[in-house]
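**Student:** Got a predicted structure here, sequence first:
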Amino acid sequence: MADDELNPSQDPIPEEEETEANEASSIAELEGLIAQKDEALTKANARITELEQATAQSDERLKATNDSLAEAVASYKKVVIEAHPEVLEELISGDSIDSVNESLQQAQGMITRVRQGLEAEISAVRVPVGAPQRTPPDLSGLSPREKIQYAIGSKR
């Protein structure tokens with residue numbers, strides 16, 4: 001410590017100037033970094049705006065495409081109904097071409113099952129075509145008196 005006190009040539013003023021110079025360069029460096037950050041932020045905001053616009057355009061195109069698809073599916077459903085008059089219109093449903101085709105196949109399967117059931121029922125209860133054969137009435141269940149009355153009544 002004694003050496004420090006004896007050496008009057010050391011002046012604390014240059015250290016302050018050096019510190020101020022370092023602080024000034026640090027401030028200038030930080031201000032440059034802030035300017036770079038501001039520029040990067042401006043670019044990022046511009047990019048966000050571009051992406052938002054692109055997203056809005058994409059949403060509009062998607063809506064238009066969905067509307068067009070819905071119209072196409074409705075037209076396809078109408079054509080399928082006209083092409084298959086044996087299928088009830090209520091049995092064909094769906095909001096895509098695949099679901100319309102699937103419902104058509106299910107409806108045709110149901111129609112086939114119903115048709116087979118009706119054909120089986122009709123064949124089980126088959127009635128011969130034409131008039132029945134003429135046969136004399138069965139008199140075996142009549143009493144002798146009834147048989148006589150029948151015979152007398154039929155000759156009149």
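**Tutor:** Structure's in. What do you need?
**Student:** use CA for all of it now, contacts and neighbours both
**Tutor:** Fine.
**Student:** quick one, strands of the chain?
**Tutor:** Ranges of strands within the chain: none, based on DSSP state E.
**Student:** quick one, helices of it?
**Tutor:** Remark: helices assigned in the chain by DSSP state H are 2-6, 12-83, 97-124, 144-155.
**Student:** for the second one, packing partners?
**Tutor:** With contacts defined as 3 or more CA pairs under 8 Å, 6 or more residues apart in numbering; DSSP states H and E, the packing partners of helix 12-83 are helix 97-124.
**Student:** Okay, buried residues for the helix it packs on please.
**Tutor:** Counting neighbours by 16 or more other CA atoms under 10 Å, one finds that the buried residues in helix 97-124 are Ile97, Val100, Asn101, Ser103, Leu104, Ala107, Gln108.
**Student:** picking that back up, please name whichever of the helices of the chain is nearest to Arg134.
**Tutor:** Proximity to Arg134 (CA to CA) singles out helix 144-155 among these, at 16.4 Å.
**Student:** Can I get that closest one in CSV, CA atoms only?
**Tutor:** Provided in CSV are the C-alpha atoms of helix 144-155 (Å, rounded to 0.1, in the frame of the first residue of the first chain):
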residue,chain,number,x,y,z
PRO,A,144,-128.8,-92.3,-45.6
ARG,A,145,-131.7,-90.0,-45.4
GLU,A,146,-129.5,-87.0,-46.4
LYS,A,147,-128.2,-89.0,-49.4
ILE,A,148,-131.8,-89.7,-50.5
GLN,A,149,-132.8,-86.0,-50.2
TYR,A,150,-129.6,-85.1,-52.1
ALA,A,151,-130.5,-87.5,-54.9
ILE,A,152,-134.1,-86.4,-55.1
GLY,A,153,-133.1,-82.7,-55.0
SER,A,154,-130.5,-83.0,-57.8
LYS,A,155,-133.0,-84.6,-60.3
